[in-house]
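J.: I would like to see how this sequence folds:
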Amino acid sequence: MAYVAGFDFDVFVSYARIDDEADFPDDTRWVTTFVAYLTTALRKRLGGTDELKVFFDRSTLNSNSELEELKRSAAKSALFLSICSRSYAARSWTMQELEAFVAQPDSSPRIFAIEIMPLDHGMSYPDILEQRHREAFFMQTENMRGTTVPLPPSDPRFGHLIHDLAEQIRNQLFAMRAVSDVKAMTASLETNRTPAATAQDTQASGARVFVGQATDDLGFQADQMRRYLDQFDHVVLPVGDIRQDAEGFKEDTRNHLQGTSLFVQLLGPFPGRSAPDMSQSYSQTQFNIATEMGIPVLQWRSMNVNLDEIGDPAHLETLTGQGVIVSGFETFKAEVKDRLDQFKTSEPKRNRSLDDGSLPVVFINADRSDLAYARKVRDEFVRNGFLASIPLDRGDETDLQSYLRENLIECDGLVMIYGDTSPVWATRSLRHFNKLRANRDAPPRLVAVMVGPPDGKARDLGVSMPGLRVVGSTDEWQENTVEELIEAFSD
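T.: Numbers count the residues shown, from 1 in each chain. The predicted model follows:
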């Protein structure tokens, strides 16, 4: 199983076999060395995981059956890495590997490329590589001729470029894994919800807001936006799936947009995919429909999007539109909330509970040593109709802290696991949560410490707060503890 669920491989390395041949006796195989260093750098950035699967085929291709197997592997990979060169551009098999990957949905943002030998005049790559930034892994010799050669692994720049590329790939893998985790959790939640809600029968005291279909690279932010708005009792649409054929997509979009107060759209560096019989991307089509229906629109793009690298003129025009907000994502979330507050009905905000069809949000905070049990607690809450999450255990430390802060501010209830961790961690975690209370829009409906083994530690943490529940025992993890917390949540 790969690091990103739903794929056989995380990275497919596409290269011309001649580029891995040694140039002279005792010379290293350049591509083999590059892949080895990159794989190591990636594993380090992913927390040392053994789940990372890199497809790198070193066999000499001799038959069509081998090519078909390579194409199948490319299509089943999360990311595609082209090692571009004159040989790469001239080989039909490497182009067929690329075509097999590009044929998959939302493939464009998942393609990475380096170049070890610039092309001769008159040569070119396929458009999707021609328009993409290709990191230069080549240099010119210091003699008078200045001949271009692949950058030697012994050159200090080689290591720096490897780590830069590894960080970019890591960020994409991390985002795709987060999206797949959210989708899996959502599917589990939908299975346990009865009856299923529709756009027409969803009831809430807030405004109706449509979050537009996002490309894969923005899927995690789109899910964050939906959860963020849902906690303020806004009706977040669409509810359920939208058909992906041209006519069905347009019809379902119009139906969900009926009576909507605001259309929210996240824009990235790529326009995204479309149906075969659709002239524009899904995201552009939804924007056009919302505009035609006279619905207010809020569009956002990250400050990190490099406009100089946008190859699609129409998409560049969209990204630079007059109404597009260019900011940090948290700032944009606050802007959307402020705009929706203007549309709120005068009805009082409902009391969130398990029996009214809504999904209360519970955050199970745990130190790394207690994450295994935290997952079991999360799953039990999910089975009882909650949206439950736990801390991430891998990734950039800044991202992890930001994710923790969002959960502590946005959750309806907090459960802290106190098992193998130290009492110092548990005490500091409660104090940290207390500092963030001022940023919350409503007090939590539940704050609890779930105590478990090992035995011998003090059950009393030495710190408390009004309404804090301490449940469980140091003797053993008690199965009925979660049930007790669910009952307390509904009180």
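
J.: what about residue 105, neighbour count?
T.: Here the count is done by other Cβ atoms under 10 Å, and residue 105 has 10 residues near it. Glycine gets a C-beta too; all of them are placed from N, C-alpha and C.

J.: same check on residue 424?
T.: Applying other Cβ under 10 Å, we find 10 residues neighbouring residue 424.

J.: any idea how far it lies from residue 377?
T.: From residue 424 across to residue 377, the span is 22 Å (Cβ to Cβ, to the nearest Å).

J.: and if you look at residue 70?
T.: The gap separating residue 70 from residue 377 is 43 Å, by Cβ to Cβ.

J.: tell me how far stretch 421-436 lies from the chain's centre.
T.: Its chain's C-alpha centre and that of stretch 421-436 lie 28 Å apart, by Cα atoms, centre = their mean, to the nearest Å.

J.: no, scratch that, I was asking about stretch 464-472
T.: Counting by Cα atoms, centre = their mean, stretch 464-472 comes out at 34 Å from the chain centroid.

J.: list the buried ones in that stretch?
T.: 471-472 (16 or more other Cβ atoms under 10 Å).

J.: for the spatially most central residue of the chain, which non-adjacent residue is spatially closest?
T.: Most central residue of the chain, judged by C-alpha distance to the mean C-alpha position with Cα atoms, centre = their mean, is residue 175 at 2.7 Å. If the residues on either side of it in the chain are set aside, residue 175 comes closest to residue 220, at 5.1 Å by Cβ to Cβ, 6 or more residues apart in numbering.

J.: assign the one you found to helix, strand or coil.
T.: Secondary structure, DSSP: H, G, I helix; E, B strand; the rest coil: residue 220 is helix.

J.: next, count neighbours for it.
T.: By the other Cβ under 10 Å criterion, the neighbourhood of residue 220 contains 20 residues.

J.: can you pull out the low-pLDDT segments for the stretch 151-300 of the chain?
T.: Scanning the stretch 151-300 of the chain for pLDDT under 70 picks out 180-205.

J.: now do the strands in it.
T.: Secondary structure of the stretch 151-300 of the chain (DSSP state E, counting those that start in this stretch): strands located at 208-211, 235-237, 262-267, 297-302.

J.: also the stretch 351-491 of the chain?
T.: With DSSP E, counting those that start in this stretch as the criterion, the stretch 351-491 of the chain has strands spanning 361-365, 387-389, 413-418, 446-451, 469-472.

J.: can I get these in a markdown table with mean pLDDT?
T.: What follows is the strands of the stretch 351-491 of the chain, written out as a markdown table (pLDDT from 0 to 100):
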| stretch | mean pLDDT |
| --- | --- |
| strand 361-365 | 92 |
| strand 387-389 | 84 |
| strand 413-418 | 93 |
| strand 446-451 | 92 |
| strand 469-472 | 89 |
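
J.: which one of the strands of the stretch 151-300 of the chain lies nearest to residue 164?
T.: Between residue 164 and those, the shortest separation by Cβ to Cβ is 18.8 Å, and it involves strand 297-302.

J.: and for residue 259, the neighbour number?
T.: Using other Cβ under 10 Å as the criterion, the residues surrounding residue 259 number 12.

J.: could you chop this structure up by domain?
T.: Dividing the chain into domains by automatic domain parsing, as the record does, gives the ranges 9-173, 204-341, 361-490.

J.: nearest to residue 3, out of these?
T.: Evaluated over these, closeness to residue 3 peaks at domain 9-173, with 4.3 Å, by Cβ to Cβ.

J.: hang on, isn't residue 32 packed against residue 57?
T.: No - taking contacts as Cβ atoms under 8 Å, residue 32 lies outside contact range of residue 57: 11.3 Å.

J.: quick one: contacts for the closest residue to residue 301 other than its chain neighbours?
T.: With Cβ to Cβ, 6+ apart as the criterion, residue 301 has its nearest non-adjacent residue at 4.3 Å, and that residue is residue 267. The contact partners of residue 267, by Cβ atoms under 8 Å, 6 or more residues apart in numbering, come to 218, 283, 299-301, 305, 318-319, 324.

J.: so which of those is the most crowded?
T.: Counting neighbours by other Cβ under 10 Å, residue 218 comes out on top of the contacts of residue 267 with 28 neighbours.

J.: return the residues in contact with it.
T.: Residue 218 makes contact with 266-268, according to Cβ under 8 Å, 6+ apart.

J.: switch the cut-off to 7 Å
T.: If you count contacts by Cβ atoms under 7 Å, 6 or more residues apart in numbering, residue 218 has them with 266, 268.
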